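S.K.: What follows is a predicted protein model with its sequence.
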Amino acid sequence: MSYQGGSEGVTEAKTPRLLDQVRARLRLKHYSLRTERAYVGWIRRFILATGKRHPRDMGMAEVEGFLSTLAVEGKVAAGTQNQALSALLFLYKEVLSIELPWMETVVRAKRPQRVPVVLSRDEVTRLLAMMDGRFGLMASLLYGSGMRLMECVRLRVKDVDFELNQICVRDGKGGKDRHVPLPQRLHEALRAQLERVRLVHQQDLAAGLGAAWLPHALARKYPSAPREPGWQYVFPSDQLSRDPRDGERRRHHVDEAGLQRAVRNARFKAGIVKPATCHTLRHSFATHLLEAGQDIRTIQELLGHKDVATTQIYTHVLNRGGHGVLSPLDR
């Protein structure tokens with residue numbers, strides 16, 4: 001039998017496709033699934049917009065041209081344009097390992113400074129009165145604690161502390177933990193919700209399921225933790241779904257779009273003309289605390305802002321702006 005050299009009979013490993021490499025790198029660095037989808041989407045759009053050329057073969061002209069097209073033809077907001085730039089920066093630096101000094105000098109779109117939409121106390125009361133059930137409880141938590149939308153949606157049972165009247169927000173924006181107040185008025189409704197979670201979890205366990213998704217390989221470190229009651233979501237989905245990352249069938253948290261639609265519908269029913277959203281409840285939380293005399297440093301910590309300068313956007317309630325000045329017509 002003769003021997004032939006080369007790679008005969010050996011299957012060579014294929015190099016992963018570029019977008020698969022991007023996904024793998026994002027997961028290695030623990031980026032959220034939402035960020036992963038956004039970055040992959042922008043990188044795909046960039047490649048298609050430049051004639052399907054490989055990013056290695058392109059440079060500053062193509063990147064700036066793509067960003068300009070987004071602003072001029074797509075008329076995207078500054079935040080959207082900056083997200084696209086962040087995705088391309090990640091592609092070149094983290095995936096392709098190409099140091100391109102010019103990427104750092106690409107001018108980011110300047111985000112306009114806008115006064116946040118804030119509801120009055122009466123408007124908040126009217127809005128929440130038009131909501132009930134699970135979404136009504138979630139909206140009340142957004143206003144009563146100042147949590148962000150996804151922080152509320154991803155809340156786990158173990159992070160609700162009735163004894164200390166507080167909620168621990170895990171891995172918030174910037175990867176930071178913090179504590180926010182748990183309104184005593186919501187204790188009864190929240191306890192009832194946790195009882196429903198317990199019953200659903202028992203049914204899932206009986207069906208051979210019941211394992212919640214855990215971040216950062218905690219499931220490997222603590223194999224029994226995913227099935228523990230404390231790790232279950234406070235607001236679980238009504239349906240089981242297959243995790244796109246590992247293919248496991250789980251009960252994930254409720255879709256945030258449902259809460260967003262519920263708040264929008266409640267706004268119309270309440271006759272509120274302001275463009276209020278779920279985030280407006282967070283703005284209202286901070287503004288009403290400031291009106292009540294709470295110091296801005298405490299509000300900064302409750303909101304999880306990196307510095308107090310971000311929180312100062314709410315100081316318009318301190319007898320400043322239009323409602324704090326007597327018009328010449330009224331003098």
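M.R.: All right, it came through fine.
S.K.: C-alpha only now, for contacts and for neighbours.
M.R.: Will do.
S.K.: Identify, by residue count, the longest helix of this protein.
M.R.: In the chain, ranked by residue count with DSSP state H as the criterion, the top helix is helix 187-206.
S.K.: can you dump the C-alpha coordinates of that helix into PDB?
M.R.: The C-alpha trace of helix 187-206 is given here as PDB (Å, rounded to 0.1, in the frame of the first residue of the first chain):
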ATOM      1  CA  HIS A 187     -45.900  44.300  48.800                       C
ATOM      2  CA  GLU A 188     -49.200  42.500  48.600                       C
ATOM      3  CA  ALA A 189     -49.300  42.500  44.800                       C
ATOM      4  CA  LEU A 190     -45.600  41.400  44.500                       C
ATOM      5  CA  ARG A 191     -46.100  38.600  47.000                       C
ATOM      6  CA  ALA A 192     -49.000  37.300  45.000                       C
ATOM      7  CA  GLN A 193     -46.900  37.500  41.800                       C
ATOM      8  CA  LEU A 194     -44.100  35.500  43.500                       C
ATOM      9  CA  GLU A 195     -46.600  32.900  44.500                       C
ATOM     10  CA  ARG A 196     -47.600  32.500  40.900                       C
ATOM     11  CA  VAL A 197     -44.000  32.200  40.000                       C
ATOM     12  CA  ARG A 198     -43.600  29.400  42.500                       C
ATOM     13  CA  LEU A 199     -46.500  27.400  41.100                       C
ATOM     14  CA  VAL A 200     -45.300  27.800  37.500                       C
ATOM     15  CA  HIS A 201     -41.800  26.800  38.500                       C
ATOM     16  CA  GLN A 202     -43.100  23.600  40.200                       C
ATOM     17  CA  GLN A 203     -45.000  22.700  37.100                       C
ATOM     18  CA  ASP A 204     -41.900  23.200  35.000                       C
ATOM     19  CA  LEU A 205     -39.800  21.100  37.400                       C
ATOM     20  CA  ALA A 206     -42.400  18.300  37.200                       C
END
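S.K.: in that helix, what's buried?
M.R.: 190, 193-194, 197-198, 200-202, 204 (16 or more other CA atoms under 10 Å).
S.K.: go on, stretch 77-90?
M.R.: Buried, per 16+ other CA under 10 Å, within stretch 77-90: 80-85, 87-90.
S.K.: Kindly report the same for stretch 141-153.
M.R.: 141-149, 151-153.
S.K.: chain center to it, what's the gap?
M.R.: Its chain's average C-alpha position is 11 Å from that of stretch 141-153, according to CA atoms, centre = their mean, to the nearest Å.
S.K.: Also stretch 168-184?
M.R.: Centroid separation for stretch 168-184 versus its chain: 13 Å, with CA atoms, centre = their mean.
S.K.: Give me the residues contacting it.
M.R.: 141, 144-147, 151, 155, 159-162, 165-167, 301-304 (CA atoms under 8 Å, 6 or more residues apart in numbering).
S.K.: what do you get for stretch 153-160?
M.R.: Counting by CA under 8 Å, 6+ apart, 166-169, 182, 194, 229-235, 253-256 sit against stretch 153-160.
S.K.: where along the stretch 201-331 of the chain do the strands fall?
M.R.: 241-242, 249-250 (DSSP state E, counting those that start in this stretch).
S.K.: show me the contacts for Glu36.
M.R.: By CA under 8 Å, 6+ apart, the contact list for Glu36 reads 23, 26-27.
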